[in-house]
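S.K.: Structure, please.
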Amino acid sequence: MYIKKIFLAGETCPSTSTVVCYEGPPSWVDKERPEFREKFFEVGNCHDKIRLHQTDLETDADFIEKLTRLKNELEGFIDYLNMGL
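M.R.: Just a heads-up that it's a prediction; the model follows:
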């Protein structure tokens with residue numbers, strides 16, 4: 001099982017921005033698939049939340065590819081913003 005919860009804002013910022021990464025038993029029971037492991041990456045703030053999870057149609061490799069594309073886009077956006085500093 002893997003679970004990590006991180007606050008994104010600095011200590012002086014009152015924002016509740018968070019990241020949660022999880023792989024482990026689901027919060028619900030699927031009697032047809034007792035071995036099922038839930039996997040998700042969640043980003044939230046005071047008002048909204050987005051959760052990317054592995055769907056029933058995705059393999060582990062598919063989910064990792066989805067997260068890798070997200071990481072690449074985030075890194076590209078950070079690079080772009082840093083060019084303006």
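S.K.: What sits closest to Asp30 if chain neighbours are left out?
M.R.: Spatial nearest neighbour of Asp30, excluding adjacent residues (CB to CB, 6 or more residues apart in numbering): Phe36 at 5.2 Å. Where C-beta positions appear, they are placed from N, C-alpha and C, glycine not excepted.
S.K.: Surely the one you found is in a helix?
M.R.: No: under DSSP: H, G, I helix; E, B strand; the rest coil, Phe36 sits outside any helix and is assigned coil.
S.K.: can you count the residues close to it?
M.R.: 14 (other CB atoms under 10 Å).
S.K.: how close does it get to Glu42?
M.R.: Distance from Phe36 to Glu42, counting by CB to CB, to the nearest Å: 18 Å.
S.K.: ditto for Leu57
M.R.: 20 Å.
S.K.: The two: which is more packed in?
M.R.: With neighbours defined as other CB under 10 Å, Leu57 and Glu42 compare such that Glu42 has more, 15 against 6.
S.K.: Against which helices or strands is the one helix or strand that one maps to packed?
M.R.: In this structure, Glu42 sits in strand 38-44 according to DSSP states H and E. Using 3 or more CB pairs under 8 Å, 6 or more residues apart in numbering; DSSP states H and E as the contact test, the elements touching strand 38-44 are strand 18-24, strand 49-53, helix 60-83.
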